[in-house]
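**Q** Can you look at this prediction? I've put the sequence above it.
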Amino acid sequence: MKTDVKRVKVGDKLSMTTFMEVKRLGIGSVNVVDEDGEKLTIGDGVFRSNIWSTQENGTVKLTKTELAEKLMEARDAVVKVVFDKADGTERTLIGYIIGAEVVLGRSIAIDLEKEKVVKKNRDGEEYDTRQRLVDHRTLKSLTYKNTLYVLKGKK
């Protein structure tokens, strides 16, 4: 359940992790829509200190293991992951990581470029149909917190 704004008081501690799409650029602000369709206006100050994107402001070369570890840790910001699908075709996913199947070497991601649809499974539990699996063995690159991570020896 979300925080009830009517019950918030001075001194309360708050946090916010939300994934958004830019809809309009304003003077001193950016208008966005979050995954649930909520419209927000973010001022420049908040934007500078709290917002991550898939912009690449630097490149770091990592081993395949280091790249997989970085992906599994990347749960607090939007990511862009390039990897090969099971059929061998290259796939770029822009979204966020919600978990990992360490034994199978895969991360579970939400694809932000797909429409959000929540369904119920056989047990009546809700799940997001945008879930995708990213196989760590086929990782090519990861953009996370404005840094591009690539495999050592690759361009």
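**A** Everything's here; your move.
**Q** residues touching the most centrally placed residue in the chain, list them.
**A** The centroid of the chain falls nearest to Tyr96 when counting by CA atoms, centre = their mean (2.3 Å). Residues in contact with Tyr96 (CB atoms under 8 Å, 6 or more residues apart in numbering) are 19, 74-75, 77-79, 109-110, 112. C-beta coordinates here come from the backbone N, C-alpha and C atoms, glycine included.
**Q** if you set the cut-off to 7 Å instead, what comes out?
**A** By CB atoms under 7 Å, 6 or more residues apart in numbering, the contact set of Tyr96 is 19, 78-79, 109-110.
**Q** now swap in Leu93 and tell me
**A** By CB under 7 Å, 6+ apart, the contact set of Leu93 is 81, 109, 111, 132, 134.
**Q** partners of the helix or strand harbouring the residue nearest to the centre of the chain, with directions?
**A** Assigned by DSSP states H and E, Tyr96 belongs to strand 90-101. Note on strand 90-101: by DSSP bridges, its sheet partners are strand 79-84 (antiparallel), strand 106-111 (antiparallel).
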